[in-house]
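Visitor: Any chance you can model this:
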Amino acid sequence: MNSSRIPPFVALRAVASVARLQSVTKAAKELNVSHSAVSHHIKAVEGWFGRSLFRRDGRGISPGEDAVTLGQAVEDALAQLSQSCAEIRRKGEGPDLTIAVIPSFASWWLVPKLQGFQCRYPNVRLHLVYAVPGISLEGADIVIQAHKGVVEIPSNHVAVRLMCGVTYPACSRVYFEKANERVDLLTIDSSELLHDETMDVWAQWMRAAGRVTFAPDRGPIYQDFNLLAAAIFAGQGVAQCPVALFEREIQSGSLILLSDRPENEDKSYWMTLRRPDKPACRHFGDWTTSFTDLGA
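Guide: This is a model prediction of the structure:
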(Lines give C-alpha, C1' and ligand atoms only; values in the text may rest on other atoms or scores of the structure.)
Protein backbone atom coordinates (compact mmCIF):
# COMPACT_ATOMS: atom_id res chain seq x y z
CA MET A 1 0.00 0.00 0.00
CA ASN A 2 1.15 3.54 -0.70
CA SER A 3 2.83 5.13 2.33
CA SER A 4 1.17 8.56 1.75
CA ARG A 5 -1.41 9.54 4.38
CA ILE A 6 -4.13 10.17 1.75
CA PRO A 7 -4.42 9.72 -2.01
CA PRO A 8 -4.01 12.79 -4.26
CA PHE A 9 -6.87 15.22 -3.58
CA VAL A 10 -7.78 15.63 -7.26
CA ALA A 11 -8.23 11.85 -7.48
CA LEU A 12 -10.39 11.84 -4.35
CA ARG A 13 -12.63 14.51 -5.94
CA ALA A 14 -13.11 12.24 -8.95
CA VAL A 15 -14.06 9.31 -6.71
CA ALA A 16 -16.56 11.47 -4.79
CA SER A 17 -18.12 12.74 -8.01
CA VAL A 18 -18.49 9.28 -9.53
CA ALA A 19 -19.84 7.87 -6.25
CA ARG A 20 -22.49 10.59 -6.12
CA LEU A 21 -23.43 10.61 -9.81
CA GLN A 22 -22.83 6.86 -10.41
CA SER A 23 -21.42 7.71 -13.81
CA VAL A 24 -17.91 8.37 -15.05
CA THR A 25 -19.27 10.39 -17.97
CA LYS A 26 -21.34 12.69 -15.72
CA ALA A 27 -18.43 13.07 -13.30
CA ALA A 28 -16.10 14.04 -16.15
CA LYS A 29 -18.57 16.72 -17.27
CA GLU A 30 -18.97 18.05 -13.69
CA LEU A 31 -15.20 18.21 -13.15
CA ASN A 32 -14.57 19.54 -16.67
CA VAL A 33 -12.04 16.81 -17.47
CA SER A 34 -11.96 13.87 -19.88
CA HIS A 35 -13.59 10.49 -19.33
CA SER A 36 -10.16 8.83 -19.31
CA ALA A 37 -8.86 11.29 -16.68
CA VAL A 38 -11.66 10.30 -14.29
CA SER A 39 -11.00 6.60 -14.91
CA HIS A 40 -7.31 7.16 -14.26
CA HIS A 41 -8.07 8.94 -10.94
CA ILE A 42 -10.31 6.07 -9.81
CA LYS A 43 -7.63 3.49 -10.59
CA ALA A 44 -5.07 5.63 -8.72
CA VAL A 45 -7.22 5.70 -5.57
CA GLU A 46 -8.01 1.99 -5.82
CA GLY A 47 -4.27 1.36 -6.22
CA TRP A 48 -3.61 3.40 -3.10
CA PHE A 49 -6.05 1.24 -1.10
CA GLY A 50 -4.95 -1.95 -2.81
CA ARG A 51 -8.46 -3.04 -3.79
CA SER A 52 -11.46 -2.07 -5.89
CA LEU A 53 -13.95 0.52 -4.61
CA PHE A 54 -16.36 0.32 -7.54
CA ARG A 55 -18.29 -2.50 -9.15
CA ARG A 56 -17.93 -2.76 -12.90
CA ASP A 57 -20.21 -4.59 -15.30
CA GLY A 58 -21.40 -4.25 -18.85
CA ARG A 59 -23.84 -1.48 -17.90
CA GLY A 60 -21.17 0.77 -16.37
CA ILE A 61 -19.78 1.44 -12.91
CA SER A 62 -21.43 1.59 -9.48
CA PRO A 63 -19.91 2.58 -6.12
CA GLY A 64 -19.34 0.03 -3.41
CA GLU A 65 -19.94 0.78 0.26
CA ASP A 66 -16.39 2.03 0.78
CA ALA A 67 -16.61 4.31 -2.27
CA VAL A 68 -19.82 5.87 -0.90
CA THR A 69 -18.21 6.38 2.52
CA LEU A 70 -15.08 7.90 1.00
CA GLY A 71 -17.09 10.07 -1.37
CA GLN A 72 -19.18 11.51 1.48
CA ALA A 73 -16.04 12.26 3.49
CA VAL A 74 -14.59 14.12 0.51
CA GLU A 75 -17.84 16.09 0.02
CA ASP A 76 -17.87 17.05 3.71
CA ALA A 77 -14.23 18.11 3.54
CA LEU A 78 -14.90 20.25 0.45
CA ALA A 79 -17.84 21.94 2.19
CA GLN A 80 -15.68 22.71 5.23
CA LEU A 81 -12.87 23.96 3.01
CA SER A 82 -15.28 26.21 1.10
CA GLN A 83 -16.63 27.67 4.34
CA SER A 84 -13.13 28.32 5.70
CA CYS A 85 -12.04 30.01 2.47
CA ALA A 86 -15.14 32.21 2.51
CA GLU A 87 -14.49 33.26 6.11
CA ILE A 88 -10.85 34.07 5.39
CA ARG A 89 -11.83 36.03 2.30
CA ARG A 90 -14.44 38.02 4.24
CA LYS A 91 -11.87 38.70 6.94
CA GLY A 92 -9.42 39.99 4.36
CA GLU A 93 -12.03 42.22 2.70
CA GLY A 94 -13.26 43.56 6.00
CA PRO A 95 -16.87 43.81 7.17
CA ASP A 96 -19.29 45.84 5.11
CA LEU A 97 -21.17 48.69 6.75
CA THR A 98 -23.91 50.41 4.78
CA ILE A 99 -24.80 53.92 5.96
CA ALA A 100 -27.84 55.71 4.55
CA VAL A 101 -27.54 59.44 5.23
CA ILE A 102 -29.30 62.58 4.07
CA PRO A 103 -27.24 64.59 1.54
CA SER A 104 -26.75 67.69 3.72
CA PHE A 105 -25.37 65.77 6.70
CA ALA A 106 -23.22 63.58 4.46
CA SER A 107 -21.60 66.43 2.55
CA TRP A 108 -21.13 69.01 5.30
CA TRP A 109 -20.50 66.94 8.40
CA LEU A 110 -19.90 63.22 7.89
CA VAL A 111 -17.71 62.89 4.79
CA PRO A 112 -15.11 65.49 5.92
CA LYS A 113 -14.58 63.42 9.09
CA LEU A 114 -14.70 59.89 7.62
CA GLN A 115 -10.97 59.53 7.16
CA GLY A 116 -10.61 59.44 10.93
CA PHE A 117 -12.97 56.47 11.17
CA GLN A 118 -11.16 54.61 8.39
CA CYS A 119 -7.81 55.16 10.12
CA ARG A 120 -9.18 53.75 13.37
CA TYR A 121 -11.03 50.84 11.74
CA PRO A 122 -9.18 50.08 8.47
CA ASN A 123 -10.88 46.69 8.03
CA VAL A 124 -14.39 48.16 7.92
CA ARG A 125 -15.49 48.76 4.34
CA LEU A 126 -18.07 51.55 4.17
CA HIS A 127 -20.92 51.91 1.70
CA LEU A 128 -22.55 55.36 1.80
CA VAL A 129 -25.93 55.89 0.16
CA TYR A 130 -28.39 58.76 0.24
CA ALA A 131 -31.37 58.48 2.57
CA VAL A 132 -33.86 60.25 0.32
CA PRO A 133 -37.45 59.52 -0.76
CA GLY A 134 -37.62 56.75 -3.32
CA ILE A 135 -34.43 55.02 -2.13
CA SER A 136 -34.92 51.81 -0.14
CA LEU A 137 -33.25 51.73 3.27
CA GLU A 138 -33.76 47.97 3.64
CA GLY A 139 -30.07 47.08 3.43
CA ALA A 140 -28.78 49.92 5.60
CA ASP A 141 -27.02 49.12 8.87
CA ILE A 142 -27.20 52.77 9.97
CA VAL A 143 -29.57 55.55 8.96
CA ILE A 144 -28.90 59.25 9.62
CA GLN A 145 -31.81 61.63 9.02
CA ALA A 146 -33.34 64.85 10.26
CA HIS A 147 -36.49 64.58 12.35
CA LYS A 148 -38.75 66.84 14.36
CA GLY A 149 -39.41 65.62 17.87
CA VAL A 150 -38.41 62.17 19.10
CA VAL A 151 -37.77 59.32 16.67
CA GLU A 152 -39.94 56.23 16.98
CA ILE A 153 -38.04 53.03 16.15
CA PRO A 154 -38.50 49.25 16.43
CA SER A 155 -37.41 47.67 19.71
CA ASN A 156 -34.37 46.02 18.13
CA HIS A 157 -32.98 49.35 16.84
CA VAL A 158 -31.04 52.00 18.73
CA ALA A 159 -31.66 55.72 18.08
CA VAL A 160 -29.11 58.38 19.02
CA ARG A 161 -29.73 62.12 18.81
CA LEU A 162 -26.57 63.55 17.29
CA MET A 163 -27.19 67.28 17.26
CA CYS A 164 -29.74 70.04 17.02
CA GLY A 165 -30.93 71.06 13.55
CA VAL A 166 -31.72 74.68 14.45
CA THR A 167 -31.25 77.15 11.58
CA TYR A 168 -30.37 80.84 11.42
CA PRO A 169 -30.41 83.32 8.53
CA ALA A 170 -26.95 83.31 6.98
CA CYS A 171 -25.10 84.28 3.85
CA SER A 172 -21.64 83.90 2.40
CA ARG A 173 -18.94 86.49 2.91
CA VAL A 174 -19.13 87.15 -0.83
CA TYR A 175 -22.80 88.11 -0.61
CA PHE A 176 -22.30 90.02 2.64
CA GLU A 177 -19.61 92.23 1.15
CA LYS A 178 -21.52 92.70 -2.09
CA ALA A 179 -24.86 93.52 -0.46
CA ASN A 180 -23.71 95.40 2.62
CA GLU A 181 -23.91 98.82 0.96
CA ARG A 182 -27.36 98.37 -0.62
CA VAL A 183 -29.16 95.85 1.64
CA ASP A 184 -30.02 96.15 5.31
CA LEU A 185 -28.77 92.71 6.29
CA LEU A 186 -29.96 93.16 9.86
CA THR A 187 -33.59 93.24 8.72
CA ILE A 188 -33.10 90.85 5.76
CA ASP A 189 -36.24 92.38 4.25
CA SER A 190 -34.45 93.46 1.09
CA SER A 191 -32.24 90.40 0.71
CA GLU A 192 -32.44 87.81 -2.00
CA LEU A 193 -33.92 84.76 -0.29
CA LEU A 194 -32.95 81.15 -0.94
CA HIS A 195 -35.29 78.30 0.03
CA ASP A 196 -34.74 74.68 1.02
CA GLU A 197 -37.56 72.56 -0.54
CA THR A 198 -40.35 75.02 0.39
CA MET A 199 -40.84 78.63 1.45
CA ASP A 200 -42.37 77.55 4.77
CA VAL A 201 -39.26 77.99 6.95
CA TRP A 202 -38.73 81.58 5.86
CA ALA A 203 -42.45 82.30 6.33
CA GLN A 204 -42.33 80.92 9.88
CA TRP A 205 -39.21 82.89 10.68
CA MET A 206 -40.76 86.12 9.37
CA ARG A 207 -43.90 85.63 11.45
CA ALA A 208 -41.85 84.93 14.59
CA ALA A 209 -39.81 88.05 13.90
CA GLY A 210 -42.97 90.14 13.64
CA ARG A 211 -42.59 90.81 9.92
CA VAL A 212 -46.31 90.37 9.28
CA THR A 213 -46.28 92.64 6.26
CA PHE A 214 -43.33 90.91 4.63
CA ALA A 215 -44.06 87.98 2.33
CA PRO A 216 -41.01 85.77 1.66
CA ASP A 217 -42.48 84.45 -1.59
CA ARG A 218 -39.50 85.26 -3.74
CA GLY A 219 -36.24 83.59 -4.64
CA PRO A 220 -35.44 80.11 -5.94
CA ILE A 221 -36.45 76.87 -4.23
CA TYR A 222 -33.89 74.07 -4.12
CA GLN A 223 -35.04 70.48 -3.76
CA ASP A 224 -31.64 69.31 -2.54
CA PHE A 225 -29.83 71.10 0.30
CA ASN A 226 -26.47 70.69 -1.42
CA LEU A 227 -27.82 72.70 -4.37
CA LEU A 228 -28.93 75.36 -1.90
CA ALA A 229 -25.49 75.35 -0.27
CA ALA A 230 -23.88 75.85 -3.68
CA ALA A 231 -26.09 78.92 -4.19
CA ILE A 232 -25.23 80.25 -0.73
CA PHE A 233 -21.48 80.07 -1.24
CA ALA A 234 -21.81 81.42 -4.76
CA GLY A 235 -23.07 84.61 -3.10
CA GLN A 236 -26.61 84.44 -4.46
CA GLY A 237 -28.60 85.25 -1.31
CA VAL A 238 -29.59 84.52 2.28
CA ALA A 239 -30.79 81.12 3.51
CA GLN A 240 -31.83 79.38 6.68
CA CYS A 241 -28.67 77.41 7.55
CA PRO A 242 -28.30 74.57 10.08
CA VAL A 243 -25.41 75.90 12.14
CA ALA A 244 -24.38 72.45 13.41
CA LEU A 245 -23.39 71.45 9.88
CA PHE A 246 -21.49 74.66 9.14
CA GLU A 247 -19.25 75.04 12.19
CA ARG A 248 -16.07 75.20 10.09
CA GLU A 249 -17.50 77.75 7.67
CA ILE A 250 -18.83 79.95 10.48
CA GLN A 251 -15.53 79.84 12.35
CA SER A 252 -13.55 80.65 9.21
CA GLY A 253 -15.86 83.56 8.37
CA SER A 254 -16.90 82.20 4.98
CA LEU A 255 -20.48 81.94 6.31
CA ILE A 256 -21.93 84.86 8.25
CA LEU A 257 -24.92 84.61 10.59
CA LEU A 258 -27.24 87.59 10.17
CA SER A 259 -29.59 87.13 13.11
CA ASP A 260 -29.75 85.47 16.51
CA ARG A 261 -33.40 84.52 15.96
CA PRO A 262 -33.58 80.74 15.38
CA GLU A 263 -35.93 78.56 13.38
CA ASN A 264 -36.40 74.76 13.29
CA GLU A 265 -35.73 74.51 17.03
CA ASP A 266 -37.63 71.20 17.20
CA LYS A 267 -35.50 69.63 14.46
CA SER A 268 -32.57 67.29 15.21
CA TYR A 269 -30.24 64.94 13.39
CA TRP A 270 -30.74 61.36 14.51
CA MET A 271 -28.64 58.26 13.92
CA THR A 272 -30.47 54.92 14.00
CA LEU A 273 -28.41 51.77 14.47
CA ARG A 274 -30.52 49.14 12.75
CA ARG A 275 -28.10 46.31 13.51
CA PRO A 276 -26.65 47.31 16.90
CA ASP A 277 -25.26 43.80 17.52
CA LYS A 278 -22.96 44.12 14.51
CA PRO A 279 -19.47 45.15 15.75
CA ALA A 280 -18.80 47.53 12.84
CA CYS A 281 -22.17 49.18 13.49
CA ARG A 282 -21.30 49.76 17.16
CA HIS A 283 -17.86 51.07 16.25
CA PHE A 284 -19.34 53.62 13.87
CA GLY A 285 -21.98 54.66 16.40
CA ASP A 286 -19.38 55.23 19.12
CA TRP A 287 -17.08 57.10 16.73
CA THR A 288 -19.86 59.40 15.48
CA THR A 289 -21.15 60.30 18.93
CA SER A 290 -17.62 61.13 20.07
CA PHE A 291 -17.86 64.26 17.89
CA THR A 292 -21.27 65.44 19.05
CA ASP A 293 -22.69 67.04 22.15
CA LEU A 294 -25.84 65.06 22.76
CA GLY A 295 -27.19 67.74 25.00
CA ALA A 296 -27.02 70.35 22.25
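Visitor: packing partners for the helix or strand hosting residue 227?
Guide: For residue 227, the element it lies in under DSSP states H and E is helix 225-233. On a contact count with 3 or more C-beta pairs under 8 Å, 6 or more residues apart in numbering; DSSP states H and E, helix 225-233 meets helix 103-105, strand 167-172, strand 195-196, strand 239-242. For the C-beta atoms, the positions are set from N, CA and C on the backbone; glycine is no exception.
Visitor: What helices and strands are in contact with the third one?
Guide: Spelled out, that is strand 195-196. strand 221-222, helix 225-233, strand 239-242.
Visitor: Which stretch among these is buried most, on average?
Guide: strand 239-242 (a mean of 25; mean count of other C-beta atoms under 10 Å).
Visitor: ok, residues contacting it?
Guide: Contacting residues not belonging to strand 239-242 are listed as 104, 165-171, 193-196, 201-202, 205, 228, 231-232, 255, 257, 263-264, 267 [C-beta atoms under 8 Å, 6 or more residues apart in numbering].
Visitor: Let's have the helices and strands packed on helix 225-233 in TSV, adding mean pLDDT and distance to residue 40.
Guide: Shown next, in TSV, are those (pLDDT from 0 to 100; distance: least, C-beta to C-beta, whole Å):
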stretch	mean pLDDT	distance to residue 40
helix 103-105	93	63
strand 167-172	93	78
strand 195-196	92	74
strand 239-242	94	73
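Visitor: Run the angle between the helix holding residue 227 and strand 167-172 for me.
Guide: Here helix 225-233 points in a direction 50 degrees away from that of strand 167-172 (axes from the mean of the first three to the mean of the last three C-alpha atoms, to 10 degrees).
Visitor: pLDDT averaged over helix 225-233 - what is it?
Guide: Per-region confidence: helix 225-233 scores 94 on mean pLDDT.
Visitor: now what about it, what contacts it?
Guide: Contacts of helix 225-233 (C-beta under 8 Å, 6+ apart): 102-104, 107-108, 170-172, 174-175, 194-196, 220, 222, 237, 239, 241, 254-255.
Visitor: which of the residues in the least confident helix or strand in the chain by mean pLDDT are buried?
Guide: The helix or strand of the chain with the lowest confidence, counting by mean pLDDT, DSSP states H and E, is helix 65-93 at a mean of 81. By neighbour count on 16 or more other C-beta atoms under 10 Å, the buried set for helix 65-93 is 66, 67, 68, 70, 71, 74.
Visitor: Which elements pack onto it?
Guide: Judged by 3+ C-beta pairs under 8 Å, 6+ apart, the packing partners of helix 65-93 are helix 9-21.
Visitor: need the next SSE after the helix it packs on, C-terminal direction.
Guide: With elements assigned by DSSP H and E, the helix or strand that comes after helix 9-21 is helix 24-31.
Visitor: Would you mark the buried spots in that next one?
Guide: Residues of helix 24-31 classed as buried: 24, 27, 28, 30, 31 (neighbour count, 16+ other C-beta under 10 Å).
Visitor: Including pLDDT and distance to residue 148, could those residues go into JSON lines?
Guide: Putting these into JSON lines (pLDDT from 0 to 100; distance: C-beta to C-beta, whole Å) gives the following:
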{"residue": "24", "pLDDT": "91", "distance to residue 148": "71"}
{"residue": "27", "pLDDT": "91", "distance to residue 148": "66"}
{"residue": "28", "pLDDT": "91", "distance to residue 148": "67"}
{"residue": "30", "pLDDT": "91", "distance to residue 148": "60"}
{"residue": "31", "pLDDT": "91", "distance to residue 148": "63"}
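Visitor: Tabulate those in TSV, adding columns for distance to residue 151.
Guide: Rendered in TSV, the data for these read as follows (distance: C-beta to C-beta, whole Å):
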residue	distance to residue 151
24	64
27	58
28	60
30	53
31	55
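Visitor: Many thanks, we can stop here.
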